[in-house]
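Novice: I'll drop the sequence and a predicted model, then ask my questions.
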Amino acid sequence: MNHWASAALGRRGDGREIAVRVVAPRESQQLNKQWRGKDKPTNVLSFPAPADLPTLGDLVICAQVVRQEAKRDGKTLVAHWAHMVVHGALHLAGYDHERGERDRVRMERREISVLKSFGYGNPYL
């Protein structure tokens, strides 16, 4: 997972750490409800750290949701895991697809490019 996050972050990640926690659907749902107001489990949640810390923040990934999505979308499990780590790491670096179309396109282009460098296809097709 480290290599996926490092590739996504580039120099932004130099000397910084990311904690990754893998959780069950129940905990994912609780966190998603508490922090995003959405009462359902989700694939990845990103919790940025304050800028003065040596860490970029935390990723919380729900393995069961990632597995279900990969199966549903006909993706390999490893490719979808890579996407979730890259996606979450970019959120920690300040990317936000929910700010608007321009930001969404910028983030997706970065994700596609990073995943391609590992031999994975466009996750949005």
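Specialist: Structure received.
Novice: dump the residue contacts of the residue nearest the centre of the chain.
Specialist: For the chain, the residue nearest the mean C-alpha position is G88 (2.2 Å; CA atoms, centre = their mean). G88 sits next to 5, 44-46, 59, 61 when contact means CB atoms under 8 Å, 6 or more residues apart in numbering. Every C-beta, even on glycine, is put in place using the N, C-alpha and C of the backbone.
Novice: I'd like to know which of the residues you listed is nearest to S113.
Specialist: A5 (14.6 Å; CB to CB).
Novice: Isn't the closest one up against V85?
Specialist: Yes. Using CB atoms under 8 Å, A5 is in contact with V85, at 5.5 Å.
Novice: Quick check: neighbours shared by these two?
Specialist: Looking at what touches both A5 and V85 (by CB under 8 Å, 6+ apart), there is no common residue.
Novice: R16 versus the residue located most distally from the centre of the chain, what's the distance?
Specialist: Note on the chain: the largest C-alpha distance from the chain mean falls to D52, namely 21.9 Å (CA atoms, centre = their mean). Distance, D52 to R16, using CB to CB, to the nearest Å: 12 Å.
Novice: Equivalent analysis for E111, please.
Specialist: In terms of CB to CB, E111 sits 19 Å off from R16.
Novice: Which of the two has more residues huddled nearby?
Specialist: Using other CB atoms under 10 Å, the more surrounded residue of E111 and R16 is E111, with 23 against 17.
Novice: Any chance of the backbone angles for that one?
Specialist: With angles defined as degrees, to the nearest 10, E111 sits at phi -60, psi -50.
Novice: Next one: N122 relative to A79, how far apart?
Specialist: Distance from N122 to A79, by CB to CB: 10 Å.
Novice: Run through who's touching stretch 96-112.
Specialist: 8, 83, 86-87, 90, 95, 122-124.
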